[in-house]
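**Student:** Give me coordinates for this.
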Amino acid sequence: MGQVNPVEHQEPLWVSPPPPEQLRQLDFLLGSIECIGEPQAPEVSESGEPIVLLTDAAPTLAGHFLQMDVVWPGTLAGRWLFGWNPVDANFISYYIADSGSHGSATSPGWEDGRLTFTGGYTIAVENTHPVMRDVFIPIDDDHFVIEESAEVDGQWIPLVTFSCTRTRRFDGDLP
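**Tutor:** Predicted coordinates for the structure are as follows:
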């Protein structure tokens, strides 16, 4: 008679719950998107030229998060991860970039058609720790706006306004 391997017969320690329904509120970010940014401050673009931002987003981690890969062609690349925090009942985001920059933000949810994320970031190339705000404003199924600003001396300073257009719908399975 052989011995029983306890690992083979062990009950799972954790069963992942279903994805949070709240995350479906971020479906407008799914797919490939091209954003054209209009600088609102000279620190953003000394030339004043538009800023191009390309994104590609899909659900990840069994639908518990939305992963958005972002590229500023010819300059930076990064990753934005969005999720729902069931303990605090708010949206969360984490950002990391190939420049070493990173940060996290939270959003209480939709207010007057806007989803506002506010949080602290480390901007490695500038050696700063700004508090940033990203306001997402859906226009229709394939268009939205992102208003980005930074807090300076207790006031919000507009940095850039992105006009975003979906170029490819997400064609994968939603959890």
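
**Student:** any low-confidence regions in the protein?
**Tutor:** Scanning the chain for pLDDT under 70 picks out 1-10, 44, 174-175.

**Student:** and for the longest strand belonging to it, what are the contacting residues?
**Tutor:** Across the chain, the longest stretch assigned as strand under DSSP state E is strand 155-168. Outside strand 155-168, the residues that touch it by C-beta atoms under 8 Å, 6 or more residues apart in numbering are 31-41, 43-45, 51, 53, 55, 133, 141-151. In this view, the C-beta of every residue, glycine as well, is placed from N, C-alpha and C.

**Student:** What are the buried residues along it?
**Tutor:** Within strand 155-168, the residues scored as buried using 16 or more other C-beta atoms under 10 Å are Leu159, Val160, Thr161, Phe162, Cys164, Arg166.

**Student:** For those, give me CSV that also has distance to Thr122.
**Tutor:** Compiled in CSV, the buried residues of strand 155-168 are given as follows (distance: C-beta to C-beta, whole Å):
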residue, distance to Thr122
Leu159, 16
Val160, 19
Thr161, 23
Phe162, 21
Cys164, 25
Arg166, 30
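
**Student:** Would you mind confirming that Pro59 makes contact with Pro19?
**Tutor:** Yes - using C-beta atoms under 8 Å, Pro59 is in contact with Pro19, at 7.5 Å.

**Student:** Find the centremost residue of the protein, please.
**Tutor:** Trp80 (3.9 Å; C-alpha atoms, centre = their mean).
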